[in-house]
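# When you get a sec, could you give me coordinates for this:
(chains A and B)
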Amino acid sequence: MLDIQGLTKTFYGRAWLRDVSLSIAKGEVVGLIGRSGAGKSTLARCLTGLETADTGTITLNSETITPGRGAARQQMQYLWQDPTQSLSPYLTAQNTVLETLNGFGIGPRAQRLKQARSLLATFDLPQDSFTRRTHALSGGQCQRVALARALAAEPQVLILDEPLSSLDLAAQLSTIRLLQDIHRKRATTMLIVSHDLAPLRHLAHRIVVLDDARIVEDLPMSCFATQAQNPLSRAYAQTLQTDQAEAASLSAHRETEPATGGA
Amino acid sequence: MIERHLSLPALRFGLRGGRFGLMMGVALLLGFVVLGLSPLFVDIAPPAQMDLLARLAGPSDTHPLGTDHLGRDVLSRLIHAVPVSLGAAFATMLAILAIALPWGVIAAVAGGRVDMVMMRLADIIMAFPTLVLALAIIGFMGASLQASIIGIAAAWWPSNARMVRALVLSASQRDFVRAAYLSGASRLRVIVRHILPQVLPPLAVIISLETASVLLALSALSFLGIGAQPPTPEWGAMLNQARPFFSQAPHMLLVPGLAVTAAVLALNLIGEGLRDLLDTREPYEW
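As a prediction, this is how the structure comes out:
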């Protein structure tokens, strides 16, 4: 479905992407991990037209596209790392979603406001927040408005740049559930950029590791822990095992904890 | 350090937040507006009415601010000059903005060659000293207040266009502006709903400060005799007419001079006050 061939990007005298090639199937959720400065966000931004790649081609459904232009602007939506900065402080939550519906001409004009409100409602946002300006919403709520806006465009591919990094633990968990829900209901193809493997184990079908501007590992999530070859990938796999061990120990600890009564 | 020694709360407030200055500026400007509108409600002598027997008379009951060399009431001329002088300054600023705002916005949004060509054209005009270019235009059109408005506007807009461009460039780099475009908003909508709301507050500061400078430039042209022509009451022209009589009738020079100073002070206080209000950064501490 989405095919990236030989993408390179150099700026400030440094290569941020070196001959990156990647294919993502329809409905697949791919986790893109790597260290800070590995080129993850650059790849995501090149796919949405926020950066222009020096060389390489991007095809969507076998058609070469120019990211951020023409039909690709609607078909590939991007969720920004900091949701609070990506929402206009001059618009209310419902007008933010409405802007996308109007911009891409989605649904009958008279129904769009209702459509925007119902979309926000599906993201568990309280009714009174619809008419509030986005700077008056919490980080988690902003994340949901940003997701609602991205999905209002009915994209084929959703690119999420570190969707959990600016959220607290509770908001992270609810966002993971939300993304699982979106994928289950809409089968949207997703590319999730993350510096941490742990949250991706609940979401991704496949993990791609980027290091020093190159793809160094590309494995299904199910066998990543056992088959990773690259030292960086193995380090990531170990963090996964540690996390699982910690979770198991925590759960065992809870089971053995004496009942204190009350709450 | 200076602030710590001030005991008046209003002064401390004014120096810290700029609100006192802003309120003073607004009050002064409102004072001029009331003064300018007063002929509609109060019986004031016509500004061109001469009384040659009372030439160069000092302040009296009949002429509270005295008379000029033709026996015209200075207060009446001062009041009737308010809409002329301030109106000309605001009209010039409007004309400057009418060119500078779209010029700066288009250059910043279009970028590339369009930006380069538009900015080089602005640079060429900026290369001329403002008053020299204005004088050339007035020379071509003939001395009048309208010609000086056009002359000043034609020479003044490039610097404002540059500022607008810089503000738009900075505003368009914000994530939410780029996100709005990627989320389907048209370029026009992005400009109107996401960029202009960011640009207008700092622009209000610039407009206020620039209007003060424009008022001074227009008064200077009238003082040189190439702005408002007699018998039109205008502060700069009044200063010019008072020049030969300064020793005999200093009030003729002081009254319009103080009016220009007060109007410029009002606009500067408003500009500075707005800047302090809109600037949320912590003030630099010595």
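
# who's in contact with A:Ala213?
A:Ala15, A:Trp16, A:Leu17, A:Arg18, A:Val20, A:Ala38, A:Gly39 (C-beta atoms under 8 Å, 6 or more residues apart in numbering or on different chains). (Glycine included, C-beta is placed from N, CA and C.)

# what about burial for these, which qualify?
In terms of neighbour count (16 or more other C-beta atoms under 10 Å in any protein chain shown), the buried residues within the contacts of A:Ala213 are A:Ala15, A:Trp16, A:Leu17, A:Val20, A:Ala38, A:Gly39.

# Would you mind measuring from the residue of the stretch 151-263 of chain A found nearest chain B to B:Gly225?
Relative to chain B, the nearest point of the stretch 151-263 of chain A is A:Ala153 (6.1 Å; C-beta to the nearest C-beta). For A:Ala153, the distance to B:Gly225 (C-beta to C-beta, to the nearest Å) stands at 64 Å.

# These two: who's more crowded?
Per other C-beta atoms under 10 Å in any protein chain shown, whichever of A:Ala153 and B:Gly225 has more neighbours is A:Ala153, with 22 against 14.

# got a list of what the more buried one touches?
Taking C-beta under 8 Å, 6+ apart, one finds A:Gln74, A:Gln77, A:Thr100, A:Phe104, A:Ile106, B:Ser183, B:Gly184 in contact with A:Ala153.

# Show the backbone phi and psi for the residue located most distally from the centre of chain B.
Distance from the C-alpha centroid of chain B peaks at B:Ser183, with 40.2 Å (C-alpha atoms, centre = their mean). When read as degrees, to the nearest 10, the backbone of B:Ser183 gives phi -90, psi 10.

# again with A:Gln156
When read as degrees, to the nearest 10, the backbone of A:Gln156 gives phi -90, psi -30.

# what's the spacing between it and B:Phe32?
Applying C-beta to C-beta to A:Gln156 and B:Phe32 gives a distance of 62 Å.

# For residue 32, the count of nearby residues, please.
Going with chain A. 27.

# oops, chain B please
18.

# residues touching the residue in the stretch 151-286 of chain B positioned nearest to chain A, list them.
Residue nearest to chain A within the stretch 151-286 of chain B (C-beta to the nearest C-beta): B:Gly184, separated by 2.4 Å. By C-beta under 8 Å, 6+ apart, the contact set of B:Gly184 is A:Arg73, A:Gln74, A:Glu99, A:Thr100, A:Leu101, A:Asn102, A:Gly103, A:Phe104, A:Ala153.

# same question, A:Thr64
A:Thr57, A:Ile58.

# Around chain A, which positions in chain B sit nearby?
Proximity of chain B to chain A (C-beta under 8 Å from any C-beta of the partner chain) is limited to residues B:174-186, B:189, B:193-194, B:197.

# Can you flag which of those residues belong to strands?
Nothing among those maps onto strands, per DSSP state E.

# farthest pair in the contacts of A:Ala153?
A:Gln77 and A:Ile106 (12.3 Å; C-beta to C-beta).

# Now do the phi/psi pair for A:Met190.
Here A:Met190 shows phi and psi, under degrees, to the nearest 10, equal to phi -130, psi 140.

# What of A:Thr64?
phi -70, psi 130.

# For A:Gln77 and A:Ile106, indicate the residue with more neighbours.
A:Gln77 (27 against 17).

# just to revisit the earlier point, pull out the buried members of the contacts of B:Gly184.
A:Arg73, A:Gln74, A:Glu99, A:Thr100, A:Leu101, A:Asn102, A:Gly103, A:Phe104, A:Ala153.

# Relative to chain B, which of those is nearest.
A:Gly103 (2.4 Å).

# which residues touch stretch B:161-175?
With C-beta under 8 Å, 6+ apart as the test, stretch B:161-175 has contacts from A:80, A:82, A:85-86, B:99-101, B:103-105, B:107-109, B:115, B:118-119, B:122, B:126, B:177-178, B:190, B:194-195, B:198-199, B:202-203, B:206.

# What subset of these is buried?
For those, buried by 16+ other C-beta under 10 Å: A:80, A:82, A:86, B:99-101, B:103-105, B:107-109, B:115, B:118-119, B:122, B:126, B:177-178, B:190, B:194-195, B:198-199, B:202-203, B:206.
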